[in-house]
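J.: Okay, here's the prediction I keep looking at, along with the sequence it came from:
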Amino acid sequence: MKKLALCVALALAAGGAYAKDWSTIRFGTDASYAPFESKATDGKLAGFDIDLGNEICRRLNAKCVWVEQDFDGMIPGLKAKKFDGALSALTITPQREQQIAFSAKLFNTPTRLVAKQGSPLQPTIASLQGKTVGVEQGSIQETYAKQNWAPKGINVIPYQNQDQVYLDLQSGRLDAALQDEVQANLGFLKTPRGAGFAFAGAEIPTGAAAIGLRKEDADLKAKIDKTIADMIKDGTYKKIESKYFDFDVYGG
């Protein structure tokens, strides 16, 4: 009987039945995407995603460790176990869901084109033909532009991070930039470096953002999903949201 019990215990251990120790949770983030994640003047990470992640860790009695990662390396870094979750305005897409799991939704914001103020440019093939558009490498905007625009004669240039996109937009090397609407508005247009630029054309719906997780870490996903639900229910999500936005970013 003891042998049988030992065999069962070994089999369960081999199958990963024992929950992992989540006393420390490591989140990967690209700190070039204010107001979601950026670096404050003191060098510390700040932003909506950062506050959400810290609150999740607090409620799970876990130590939060933040790992800076360029956005195009977010999913490879997660899969390579450089961190346990990708918390960096990561949009849920079918392509990404083939590689990783996602937490419950954190927010849902559309994509917008930014160009010189008064520019006639629109987020259409006819308007952008022959023009150069900057996108952040690995972003949903890069995927959208390369699938829908690049084959039609629009020059799509990917950059390692969003700050580099804006630098080339300011210098005139780009005709336009494509990125998250809220990020563009609060992280660029409403700052001194965004002077002389504006949104060009209508919104492009691109889906909800969530925390990227490894598929095998189902126990961590369950813990995080419950915590997100609790934060929404008890008003903590709204309290954190109000620090950064005067409108609803959660969406329907």
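T.: Looks like it came in fine.
J.: List the contacts of residue 150.
T.: The contact partners of residue 150, taken as CB atoms under 8 Å, 6 or more residues apart in numbering, are residue 156. Heads up, the C-betas are built off the backbone N, CA and C, glycines and all.
J.: For residue 143, see how far away it is.
T.: Separation of residue 150 from residue 143 (CB to CB, to the nearest Å): 11 Å.
J.: which sections of this structure are below the confidence cut-off?
T.: Residues of the chain that meet the criterion pLDDT under 70 lie in 1-19, 252.
J.: go again using 50 as the cut-off
T.: Low-confidence segments of the chain (pLDDT under 50): 1-17.
J.: so where do the strands sit in it?
T.: For the chain, applying DSSP state E gives strands covering 24-29, 32-33, 37-39, 45-46, 63-68, 85-91, 101-102, 107-108, 111-116, 132-136, 155-159, 176-180, 197-199, 208-213.
J.: Could you say which of those strands is packed most deeply?
T.: strand 85-91 (a mean of 28; mean count of other CB atoms under 10 Å).
J.: Parallel or antiparallel, which strands does that one pair with?
T.: strand 24-29 (parallel), strand 208-213 (antiparallel) (DSSP bridges).
J.: How about the most centrally placed residue in the chain: what's its closest non-neighbour residue?
T.: Centroid-nearest residue in the chain: residue 89, 1.7 Å away (criterion: CA atoms, centre = their mean). Distances taken as CB to CB, 6 or more residues apart in numbering put residue 36 closest to residue 89, at 4.5 Å, once the chain neighbours are dropped.
J.: The one you found and residue 90 touch, don't they?
T.: No - judged on CB atoms under 8 Å, residue 36 makes no contact with residue 90 at a distance of 10.0 Å.
J.: any idea of the angle the longest helix that the chain contains forms with strand 208-213?
T.: In terms of residue count, the longest helix belonging to the chain (DSSP state H) is helix 218-233. Helix 218-233 and strand 208-213 meet at an angle of 140 degrees, taking axes from the mean of the first three to the mean of the last three CA atoms, to 10 degrees as the criterion.
J.: helices or strands up against helix 218-233?
T.: Applying 3 or more CB pairs under 8 Å, 6 or more residues apart in numbering; DSSP states H and E, one finds that helix 218-233 contacts helix 48-59, strand 208-213, helix 236-244.
J.: which residues are contacting it?
T.: With contact meaning CB under 8 Å, 6+ apart, helix 218-233 is reached by 19-20, 22, 25, 52, 55-56, 59-60, 84-85, 101, 103-106, 211, 213, 236-238, 240, 250.
J.: Tell me the buried residues in that helix?
T.: 220-221, 223-225, 227-228, 231 (16 or more other CB atoms under 10 Å).
J.: can you check stretch 171-189 too?
T.: 174-189.
J.: and the residue nearest to residue 40 when sequence neighbours are not counted, what is it in contact with?
T.: Nearest non-adjacent residue to residue 40, counting by CB to CB, 6+ apart: residue 46, 4.4 Å away. Residue 46 makes contact with 37-40, according to CB under 8 Å, 6+ apart.
J.: export the residues you listed to CSV and tack on distance to residue 160?
T.: As requested, these are arranged in CSV below (distance: CB to CB, whole Å):
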residue, distance to residue 160
37, 15
38, 15
39, 16
40, 21
